[in-house]
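Colleague: Sequence first, then the predicted structure, then my questions.
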Amino acid sequence: MADDRDREEAVVAELHKKIKDAFEVFDHESNNTVDVREIGTIMRSLGCCPSEGELHDLIAEVEDEEPTGYIRFEKFLPVMTEILLQRRYRPVPEDILLRAFEVLDSTKRGFLTKEELVKYMTEEGEPFSQEEMEEMLSAAIDPDSNSIHYRDYITMMVIDEH
């Protein structure tokens, strides 16, 4: 029983260190706070992929009663620890991403044009913001062909959990 508890404490201690390290990257004032707009980036750096709606709900939960635009580390740590322990907001598996791109690529060319990608990402489902779209385009689009070869992009996107 003690071994299990020791193992669990070690896992939690390791998670706390990862969360603190990620948080500190964005704690520019070194005052244990980060801008609320950085929370999504911090979470993604820890292997979580919440939707914008999930992120908004999480921020509302973590932010103080009086929204200041900043999140304090002591409020973020327990919530983020629980998320990681429960393995919430896991990224979509590679095979599902590939099938999604293949559905959009109805002619089975192996790529989507920049225009097609922008259309799908801004007009369907939970639309990308302008900032998210620009970030994706800068990483995904091959400047020579002005298209996304989605198999290569998926390989680059997938988080290796091992």
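Modeller: Cool, the structure landed.
Colleague: Run a quick check on Ile154 versus Asp95, I expect a contact.
Modeller: No: here Ile154 does not reach Asp95: they are 9.3 Å apart, not a contact under CB atoms under 8 Å. Quick note: C-beta positions are derived from backbone N, CA and C, even for glycine.
Colleague: Look at those two and report which has more neighbours.
Modeller: Here Ile154 and Asp95 are set side by side on neighbour count (other CB atoms under 10 Å), and the busier one is Ile154, at 19 against 9.
Colleague: tell me the contacts of the more buried one?
Modeller: Each residue near Ile154 by CB atoms under 8 Å, 6 or more residues apart in numbering is listed here: Glu94, Leu97, Leu98, Phe101.
Colleague: same check, this time on Tyr70
Modeller: Thr33, Val34, Asp35, Val36.
Colleague: ok, and the most crowded of the residues you listed?
Modeller: Val34 (23 neighbours).
Colleague: Can I take it that that residue is in a strand?
Modeller: Yes: Val34 sits within a strand when classified using DSSP: H, G, I helix; E, B strand; the rest coil.
Colleague: ok, and the closest non-adjacent residue to it?
Modeller: Phe26 (4.3 Å; CB to CB, 6 or more residues apart in numbering).
Colleague: I'd like to know how far that neighbour sits from Glu38.
Modeller: As judged by CB to CB, to the nearest Å, Phe26 and Glu38 stand 4 Å apart.
Colleague: Please name every helix or strand in contact with the helix or strand hosting Asp4.
Modeller: Assigned by DSSP states H and E, Asp4 belongs to helix 2-26. When contacts are defined as 3 or more CB pairs under 8 Å, 6 or more residues apart in numbering; DSSP states H and E, helix 2-26 packs onto strand 33-35, helix 39-45, helix 73-86.
Colleague: What pLDDT is listed against the closest residue to Thr33 other than its chain neighbours?
Modeller: In this structure, Thr33 finds its nearest non-sequential neighbour in Tyr70, 4.3 Å apart by CB to CB, 6+ apart. In this model, Tyr70 is scored at 90, pLDDT.
Colleague: so what's Tyr70 bridging to?
Modeller: For Tyr70, the beta-bridge partners are Asp35 (DSSP bridges).
Colleague: Identify those among the contacts of Ile154 that sit within helices.
Modeller: Glu94, Leu97, Leu98, Phe101 (DSSP state H).
Colleague: Looking at the helices and strands packed on helix 2-26, which is nearest to Glu135?
Modeller: Glu135 sits nearest to helix 39-45 of all these, at 10.4 Å, using CB to CB.
Colleague: Nothing else from me, thank you.
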